[in-house]
Structure formats: structure tokens, C-alpha cells
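Novice: below are the sequence and a predicted model for it; my questions follow.
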Amino acid sequence: LGRADGAADADERERRLRARLEREHEITLGLQRSLLPCRVEDSPLEVAAEYVPTAYGAEVGGDWYDVFPVAATDRVGLVIGDVAGHGLPEATVMSQLRSVLRAAALEEGARPDRVTARLDAYVDTYLPESMATMCYAVYDPGADELAYANAGHVPPMLLRGDGTCERLEAVVDPPLGCSMGGAHRTARVAVHPGDMLVCYTDGVVEQRRESLDTGLGRLSALVTGFDGPTPKDVCAAVMAWSERTDHADDRAVLVAGF
């Protein structure tokens, strides 16, 4: 009888744990999805984006993306980021960073290096146990130019209208919370009608038993193989391509057409 009671208690504890994890997953996923923009109003860009949580376990990570007009200008801000770890705390940090970035963009929006520095200082001061990667870019339609800063994030890819693909890795600075007060930099690249910016989180390209460079090369080959795609086409294809049996991280993709 004692053994039976002990087994029943263990089963009940396991049931309660599963129920708690499922509730946390639902809360976290709901929080995350509520913060991801569904569409962009009055934007000169054609934008498509998608987020899919990890297929393993009940936890959701801190992947996020955002697109917004830069205050008092015709520029557009684009960001994709990833908070290290999984679970409700990481999703909460993600929501804080998204809010701080939008606030910083009101003052420094056209300067990706300054916006990134503001977020870096925020993490250092208020979230010392956290670490996040982020790429923040600003599109200037008047100058046909994209300015960007990268805080340890996987490099976005610029799919040209002629079918060629470039990795935007002219600047890669330390992740947010890891720079130890170091300066952040801005790089600039010309963009033209028909070009597309492909942003993604590391869960898209990282695969067990495969180097990151290999994953980046495979993604580059994938997007280069398109003929006259739309951002929605590219976003859907990249997400479908990343649907592998051994990925163990959340995946977010943001594609903007110029």
C-alpha cells in the first residue's frame, strides 16, 4: 500500500508540474505574440514576418521583431532581437527591451549606434543578469540607404533585385549587456527598389552538429535561389526551410522589401 501511495503521489506531482508548465507556456506565448506587430501602418516598405516557438518543451524564448516609423521623419526603424534563455522571465525582458527601444528611437531613432547604446546601458543597469542580441536598422527612402547596428546578432542578409545576396556584417559589436561600456557602431549600405532585407534569429540557422557558418551559407543559397519573390514569399520559404526535426530554439523571421 505504501508503494502504491508513493507512486500515486509521484504521478500527481508530475501532473501538476506539466499543468504548471503548460500554463506558463500559454502566458508567455500570449505575451510574446501580443507584442509582435501584425502590420505596419503608412510604411514605405512591404513587410512580412513570422514567429514560431521551439518544438521542444513547454518554454518560449525571447525572440522579437518590430517595425515602426522613426518620429518626425520619413524613415522606418526595423529591429530583430533575441533574449538569451527561455521562459516567462525572458519574454518579460523582451517586452521591456522592445519598449525601451521605441522610447530611445523617439530621440535617437535615425542613429542605430546611439539607440543600441541606450539599450546596452539599460541592460547593464536594470537587467544585469540578462543578455540579448539585437540588430537595429533604419531605412531612409529619400537617400535609398539602410543604416544598421548589430549587437551580437546573426547578420541580416540583403537580397538584391538581381538575385545576389549579401551578408550585412560590416559591424558586429558585443551583445547587449556584454559590451562593458564599449562603443557601438553604425554601418550604411545602399538599397534599391526590388531589394529585400532578410532578418532572422539564430534558431533559423543553427542546427545541431553543424557550424553557424554552414547554416548561414545554406540560408544564403536558399534566398538567392528565388526568382522575383515578395517578402511574404521569402518569409514563408525561410520559415519552412528552418522547420527541421532537430532545431531546439525559437525562430523569428522579418523580411522587408524596398
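Specialist: Sure thing, it's come through.
Novice: residue 154: neighbour count?
Specialist: Neighbour count of residue 154, defined by other Cβ atoms under 10 Å: 25. For every residue, glycine as well, the C-beta is placed using N, CA and C.
Novice: ok, residue 90 touching residue 82?
Specialist: No: if you go by Cβ atoms under 8 Å, residue 90 and residue 82 don't touch, sitting 9.4 Å apart.
Novice: these two - which one has more neighbours?
Specialist: Ranked by neighbour count (other Cβ under 10 Å), residue 90 and residue 82 place residue 82 first, with 28 against 23.
Novice: which other helices and strands contact the lengthiest strand in the chain?
Specialist: The strand spanning the most residues in the chain, taking DSSP state E as the definition, is strand 76-86. When contacts are defined as 3 or more Cβ pairs under 8 Å, 6 or more residues apart in numbering; DSSP states H and E, strand 76-86 sits against strand 61-69, helix 88-108, strand 132-140, strand 196-200, strand 251-257.
Novice: between the fourth one and strand 61-69, how many degrees?
Specialist: If you take axes from the mean of the first three to the mean of the last three Cα atoms, to 10 degrees, strand 196-200 sits at 150 degrees to strand 61-69.
Novice: mind listing what's buried in the helix or strand that strand 196-200 is followed by?
Specialist: Sequence order places helix 202-205 as the next helix or strand after strand 196-200, per DSSP states H and E. Across helix 202-205, burial judged by 16 or more other Cβ atoms under 10 Å covers 202, 203, 204, 205.
Novice: now helix 202-205 - C-alpha only, PDB.
Specialist: Output of helix 202-205 as PDB, limited to C-alpha atoms (Å, rounded to 0.1, in the frame of the first residue of the first chain):
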ATOM      1  CA  ASP A 202      19.700  32.200 -34.600                       C
ATOM      2  CA  GLY A 203      17.200  29.400 -34.300                       C
ATOM      3  CA  VAL A 204      16.600  29.700 -38.000                       C
ATOM      4  CA  VAL A 205      20.200  28.900 -39.000                       C
END
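Novice: list the helices and strands it packs on?
Specialist: By 3+ Cβ pairs under 8 Å, 6+ apart, helix 202-205 packs against helix 212-224, strand 251-257.
Novice: okay, now residue 141: neighbour count?
Specialist: Other residues near residue 141 come to 15 when the count uses other Cβ under 10 Å.
Novice: ok so, going back, who wins for proximity to residue 52 among the helices and strands packed on strand 76-86?
Specialist: strand 251-257 (5.0 Å; Cβ to Cβ).
Novice: partner strands of that closest one and their direction?
Specialist: strand 46-52 (antiparallel), strand 196-200 (antiparallel) (DSSP bridges).
Novice: which among the helices and strands packed on strand 76-86 is found nearest to residue 225?
Specialist: strand 196-200 (12.9 Å).
Novice: now the closest one: mean pLDDT?
Specialist: For strand 196-200, the mean pLDDT works out to 96.
Novice: one more: stretch 97-105?
Specialist: Averaging pLDDT along stretch 97-105 gives 91.
Novice: which residues does it contact?
Specialist: Applying Cβ atoms under 8 Å, 6 or more residues apart in numbering, the contact partners of stretch 97-105 are 35, 64, 66, 68, 70-71, 77, 79, 81, 83, 114-115, 118-119, 122-123, 132, 134, 136, 176.
Novice: fine by me, thanks again.
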